[in-house]
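> The following block contains a protein sequence and its predicted model.
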Amino acid sequence: MSRETLTITDNRTGKVYEVPIAEGTIKATDLRRIKTGDDDFGLMTYDPAFMNTASCRSAITYIDGDKGILEYRGYPIEQLAEKATYLECAYLLLHGELPNKPQLDDWVRDITHHTIIHENVKKFIDGFRYNASTMGMLISTVAALSTFYPDAKNIGDPENRKRQIHRLIAKLPTLAAFSYRHIVGMPFAYPDNDLSYTGNFLNMMFRMTELKYKPNPALERALEVLFILHADHEQNCSTSAMRSIGSSRVDPYSAVAGAAAALYGPLHGGANEAVLRMLQDIGSTSAIPEFIKKVKGGDGTRLMGFGHRVYKNYDPRATIIKKIAYDVFEVTGRNPLLDIALELERIALEDDYFVTRKLYPNVDFYSGLIYQAMKFPVDMFPVLFAIPRVSGWLSQWVEMLEDDDQKISRPRQIYTGPARRDYVPIVKRS
Ligand code: ACO
């Protein structure tokens, strides 16, 4: 009968070890028994960028990258994108089950009644320069919220955590919209509690002099779907940052600020901005072959919005986004960059370079085109990713805090520096 173990022979010593296998993994700490002598620390694994290391057990999001499957708590993303609202998905991620009607009503009310920010926050938003990045402003203002809610330090109390979760999900759109209004020199538009989560965000972003802002239903729904698609994506860079920072038991505002900073980079949440700039630089479909040649030439140019660490197939979110792009363009008019994107995708999917490396469009390839058509400035694209992702970060944070296996994050290293040597006074240094 087969055993759920791994037998390892250490050829340095000839010793044989048996290591248990559970859920398709071995425990890295089990390898520490493998030593060459008493003063040997024990065997470690070397895994830069966590290419093959599970850092936690999680019941939140399931991805099968080869098949292009994404599920939140077991529900396929396609069904959620078609039928659910963003706040319903946020509840699902955080609580593990879809809410019933009274639960959803309470949840929506709790979020809606935390959308206003302390008036002092407006003062430091005012302090940013006219050309400040809205993502930089969001990261800073979220971090600053920890000073307004010192009780948030009490992360061991589930009721307290719940209050901070309501605040964070509710206030991120307000901070984002106020940052935008500061840049464009418009007065802040206060939250309207009669509107949906996305309808209110559009209100705070784009309201002019009208007494009551009425979001376009097609755009409100498109944003809702985009928010659903971006809500969680298991152990990506920013979520790992959230868990890692949170493992020090810091308050959730500081941890979310760190996660948002991780999201800001062009290889992560900054990619949709990079896609749009790339499409603008290419300029016309006739310039695509030259651009593809450059990407393949190995000078470091990447086809932004293509490729993914986990998906080695079409990102299921990209398929849904491509469809909503057409709904949005019916209202806003067609984004002229769409033709370049479609042709770029067609050529890349037929090209051996991309086929053999399993590089397919990811979530960011079309989302920027939609956001631009909806009149969001390019600089705000990472912000539009961070707003919905906060529910995922917080779900993962709570799961981490309640997991008895977890401790403060602290990877090991292979030291490659000089061996011990004595200090040399400056006058004797060459
Ligand atoms: N364009 C051209 N070549 C690429 C691309 C790309 N977008 N992505 C990967 N490759 C190539 C690499 O050069 C490498 O080729 P090689 O084997 O000849 O050296 C091979 O494909 C494997 O690439 P890695 O960088 O090892 O893959 P990794 O899993 O580390 O990177 C990543 C994944 C960062 C997403 C990468 O595909 C990329 O940079 N894509 C563009 C940026 C992007 O769209 N990011 C958004 C990701 S989705 C998200 O965060 C929401």
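That came through fine.
> Provide a list of residues in contact with residue 291.
282, 301, 344 (C-beta atoms under 8 Å, 6 or more residues apart in numbering). Heads up, the C-betas are built off the backbone N, CA and C, glycines and all.
> Filter the residues you listed down to just the buried residues.
Buried members of the contacts of residue 291, counted by 16 or more other C-beta atoms under 10 Å: 282, 344.
> Closest one of the contacts of residue 291 to the ligand?
Checking the contacts of residue 291 against the ligand with C-beta to the nearest ligand atom, the nearest one is residue 301 at 7.5 Å.
> looking at this, that closest one is in a helix?
No: counting by DSSP: H, G, I helix; E, B strand; the rest coil, residue 301 falls outside a helix, being coil.
> where do the strands sit along the protein?
5-10, 15-20, 61-64, 69-72, 75-76 (DSSP state E).
> Turn the ones you listed into JSON lines, including mean neighbour count.
Listed next are the strands of the chain as JSON lines, based on neighbours: other C-beta atoms under 10 Å:
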{"stretch": "strand 5-10", "mean neighbour count": "13"}
{"stretch": "strand 15-20", "mean neighbour count": "12"}
{"stretch": "strand 61-64", "mean neighbour count": "18"}
{"stretch": "strand 69-72", "mean neighbour count": "21"}
{"stretch": "strand 75-76", "mean neighbour count": "15"}
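> Just put those strands in a markdown table and tack on mean pLDDT and distance to residue 317.
Listed next are the strands of the chain as a markdown table, based on pLDDT from 0 to 100; distance: least, C-beta to C-beta, whole Å:
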| stretch | mean pLDDT | distance to residue 317 |
| --- | --- | --- |
| strand 5-10 | 98 | 35 |
| strand 15-20 | 98 | 36 |
| strand 61-64 | 97 | 11 |
| strand 69-72 | 97 | 7 |
| strand 75-76 | 98 | 12 |
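> Now distance to the ligand too, for those, in a markdown table please.
Shown next, in a markdown table, are the strands of the chain (distance: least, C-beta to the nearest ligand atom, whole Å):
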| stretch | distance to the ligand |
| --- | --- |
| strand 5-10 | 26 |
| strand 15-20 | 28 |
| strand 61-64 | 12 |
| strand 69-72 | 12 |
| strand 75-76 | 19 |
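> Let's have these in CSV, adding distance to residue 253.
Output for the strands of the chain, formatted as CSV (distance: least, C-beta to C-beta, whole Å):
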stretch, distance to residue 253
strand 5-10, 43
strand 15-20, 40
strand 61-64, 23
strand 69-72, 24
strand 75-76, 29
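> in the stretch 101-250 of the chain, what residue is nearest the ligand?
Counting by C-beta to the nearest ligand atom, the stretch 101-250 of the chain gets nearest the ligand through residue 236, at 6.2 Å.
> Which residue, neighbours along the chain excluded, lies closest to that residue?
residue 268 (7.0 Å; C-beta to C-beta, 6 or more residues apart in numbering).
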